[in-house]
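Participant: for reference, the sequence and a predicted model appear below.
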Amino acid sequence: MATKAMNFAALGSNPHACFASNPPKPTKARVFAVRFSATRSSDGAAIGLAERPWKVADARLVLEDGSIWRAKSFGASGTQVGEVVFNTSLTGYQEILTDPSYAGQFVLMTNPHIGNTGVNFDDEESRQCFLAGLVIRSLSITTSNWRCTETLGDYLAERNIMGIYDVDTRAITRRLRQDGSLIGVLSTEKSKTDEELLEMSRSWDIVGVDLISGVSCDAPYEWVDKTRPAWDFNNDGRDGEAYRVVAYDFGIKHNILRRLASYGCKITVVPSTWPASETLKMKPDGVLFSNGPGDPSAVPYAVETVKEIIGKVPVFGICMGHQLLGQALGGKTFKMKFGHHGGNHPVRNIQNGCVEISAQNHNYAVDPASLPEGVEVTHVNLNDGSCAGLAYPALNIMSLQYHPEASPGPHDSDCTFREFVQLMKSVKQKA
């Protein structure tokens, strides 16, 4: 009907002509062009024209391999360098933003739609955001969650964290899987050329850098908060007895502390440089070596602390703590191609044969072949066969390469906290 209406208008006062058996011959088409000009400013922008009602690309992610990815910015502005890694979690972007283990890294979310639940205070895993920046495909234009207090963009801007969106995250992820983690520079500054940003990416390295000292607490403190009743789970197996735990803060997540407290532990958190002698003076029932960012070989002081403590009290290592235990026992660690980052990694528990879906965030792993006799590999990552857990029964040591507290992620491995409590209990009863 729309086409006929246009024909009627063209035929003027004789609309029936379009249905005639012998329609008139079409007239020759007339072609014309419209020319216009606009006055431009010194920077090339048109003067007097309305501003576009949509955001245009105003940021660049330049990777060390020479690729340049143009995107739109949100959050803070400026120029930042970091290692680009991808995270496969479907939810929990706020917990990821506040995980200290991401210090020095740009986190690329493979889930395309981010920001739809906004942010809230309850989901934070540390006192601030430590990551270098956030890379996403689509930024939600609205928020919809009853706990939301502000938008993701406002949250990042307040914390001086850069973010970009409308970039092909799938293509970047494939590049990272093929070539491994890459150093990149994120910039919104037009004054910096692509060549300058590329040089920045190629002159910076995350290997061998002590990132723990920048995320650890400055002084000891007591932790008392438990998992809230509305969110609590795995209540079985808690005997009500309290155990004193000293937790080394290498970048510890709040939910590790909440889960330990929920299992009846009285926790004292200490800085990464806290002397082992001072820890032993506190007479703890057990010591936790927490997660943390970066290269375990870059923090030999932490390895020495672990060496002085193992064998004297039961210990539990998580992520960075697991790697430090591996080195303290005489083993070696190595940098993985692109690491493990996400809430959906399958792990086989060799001790019971069960498969646990786990939350992981690490770029380094322990080489099990380098470990001394007596050290047992208790968990194996089913994606690549890497070591995901250790135990040394003779010295009351246990460790996991991943996050049993999740946040975000599944709760399959939460029972590991109960196992640590049982280890402390058995040693205490033998004393």
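Facilitator: Happy to help now that I have it.
Participant: how about the strands in the stretch 201-350 of the chain?
Facilitator: Secondary structure of the stretch 201-350 of the chain (DSSP state E, counting those that start in this stretch): strands at 221-223, 243-249, 265-271, 286-289, 315-318, 332-349.
Participant: the first one pairs with which strands?
Facilitator: Just to be clear, that refers to strand 221-223. strand 265-271 (antiparallel) (DSSP bridges).
Participant: again, but for the longest one
Facilitator: With DSSP bridges as the criterion, the sheet partners recorded for strand 332-349 are strand 355-367 (antiparallel), strand 376-381 (antiparallel).
Participant: what ranges do the helices span in this structure?
Facilitator: 2-11, 93-97, 152-158, 169-179, 194-203, 254-262, 276-281, 300-309, 320-328, 415-430 (DSSP state H).
Participant: for residue 419, find the nearest of the strands of the stretch 201-350 of the chain.
Facilitator: Counting by C-beta to C-beta, residue 419 lies closest to strand 315-318 out of the strands of the stretch 201-350 of the chain; the figure is 8.6 Å. Bear in mind the C-beta positions are built from the backbone N, C-alpha and C, glycine included.
Participant: what pairs with the closest one, and is each one parallel or antiparallel?
Facilitator: When DSSP bridges is applied, strand 315-318 pairs with strand 286-289 (parallel), strand 397-400 (parallel).
Participant: of those, which is nearest residue 132?
Facilitator: When the strands paired with strand 315-318 are compared by C-beta to C-beta, strand 286-289 sits nearest residue 132, at 24.7 Å.
Participant: what lies in contact with the closest one?
Facilitator: 243-248, 250, 256, 260, 265, 279, 306, 309, 313-318, 320-322, 324-325, 399, 420, 423-424 (C-beta atoms under 8 Å, 6 or more residues apart in numbering).
Participant: 6 Å instead, please
Facilitator: 245-248, 309, 313-317, 321, 324, 424 (C-beta atoms under 6 Å, 6 or more residues apart in numbering).
Participant: swap in stretch 178-197?
Facilitator: Outside stretch 178-197, the residues that touch it by C-beta under 6 Å, 6+ apart are 58-64, 68, 73, 77, 79-81, 83-85, 106, 133, 162, 200-201, 204, 337-338.
Participant: re earlier: now render the helices of the chain as JSON lines, adding mean neighbour count, mean pLDDT and distance to residue 382.
Facilitator: Shown next, in JSON lines, are the helices of the chain (neighbours: other C-beta atoms under 10 Å; pLDDT from 0 to 100; distance: least, C-beta to C-beta, whole Å):
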{"stretch": "helix 2-11", "mean neighbour count": "10", "mean pLDDT": "40", "distance to residue 382": "58"}
{"stretch": "helix 93-97", "mean neighbour count": "23", "mean pLDDT": "97", "distance to residue 382": "22"}
{"stretch": "helix 152-158", "mean neighbour count": "19", "mean pLDDT": "97", "distance to residue 382": "33"}
{"stretch": "helix 169-179", "mean neighbour count": "16", "mean pLDDT": "98", "distance to residue 382": "17"}
{"stretch": "helix 194-203", "mean neighbour count": "16", "mean pLDDT": "98", "distance to residue 382": "33"}
{"stretch": "helix 254-262", "mean neighbour count": "22", "mean pLDDT": "95", "distance to residue 382": "24"}
{"stretch": "helix 276-281", "mean neighbour count": "14", "mean pLDDT": "98", "distance to residue 382": "35"}
{"stretch": "helix 300-309", "mean neighbour count": "18", "mean pLDDT": "98", "distance to residue 382": "28"}
{"stretch": "helix 320-328", "mean neighbour count": "28", "mean pLDDT": "98", "distance to residue 382": "17"}
{"stretch": "helix 415-430", "mean neighbour count": "17", "mean pLDDT": "95", "distance to residue 382": "17"}
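Participant: buried stuff in stretch 157-166?
Facilitator: Of the residues in stretch 157-166, 157, 161-166 count as buried by neighbour count, 16 or more other C-beta atoms under 10 Å.
Participant: and residue 176, how far from residue 386?
Facilitator: Residue 176 sits at a distance of 17 Å from residue 386 (criterion: C-beta to C-beta, to the nearest Å).
Participant: please apply the same query to residue 59.
Facilitator: The spacing between residue 59 and residue 386, counted by C-beta to C-beta, is 34 Å.
Participant: per-residue pLDDT, residue 406?
Facilitator: pLDDT for residue 406: 89.
Participant: residue 431 now?
Facilitator: On the pLDDT scale, residue 431 gets 80.
Participant: that one - how many residues pack around it?
Facilitator: 6 (other C-beta atoms under 10 Å).
Participant: for it, give its distance to residue 158.
Facilitator: From residue 431 over to residue 158 the distance is 50 Å, taken as C-beta to C-beta.
Participant: distance of the closest residue to residue 291 other than its chain neighbours from residue 364?
Facilitator: Of all residues not flanking residue 291 in the chain, residue 319 sits nearest, at 3.6 Å (C-beta to C-beta, 6 or more residues apart in numbering). Separation of residue 319 from residue 364 (C-beta to C-beta) stands at 9 Å.
Participant: what about the nearest residue to residue 156 once chain neighbours are set aside, neighbour count?
Facilitator: With sequence-adjacent residues excluded and distances taken as C-beta to C-beta, 6+ apart, residue 156 is closest to residue 75, at 3.0 Å. Using other C-beta under 10 Å, residue 75 has 23 other residues around it.
Participant: tell me the pLDDT of residue 75.
Facilitator: Value listed for residue 75 in the pLDDT field: 97.
Participant: go on, the one 4 residues further on?
Facilitator: Predicted confidence (pLDDT) at residue 79: the value is 98.
Participant: one more: residue 12?
Facilitator: On the pLDDT scale, residue 12 gets 44.
Participant: dump the buried residues of stretch 157-166 to a markdown table, plus distance to residue 191.
Facilitator: A markdown table is the format used below for the buried residues of stretch 157-166 (distance: C-beta to C-beta, whole Å):
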| residue | distance to residue 191 |
| --- | --- |
| 157 | 21 |
| 161 | 21 |
| 162 | 16 |
| 163 | 21 |
| 164 | 18 |
| 165 | 23 |
| 166 | 22 |
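Participant: returning to what we had before: I figured the residue nearest to residue 156 hits residue 160, correct?
Facilitator: No - Residue 75 is beyond contact range of residue 160, at 8.2 Å (criterion: C-beta atoms under 6 Å).
Participant: for residue 319, phi and psi?
Facilitator: Backbone torsions for residue 319, taken as degrees, to the nearest 10, come to phi 60, psi -110.
Participant: was I right to think it contacts residue 362?
Facilitator: Yes - using C-beta under 6 Å, residue 319 is in contact with residue 362, at 5.4 Å.
Participant: so which of those two has more stuff around it?
Facilitator: residue 319 (29 against 25).
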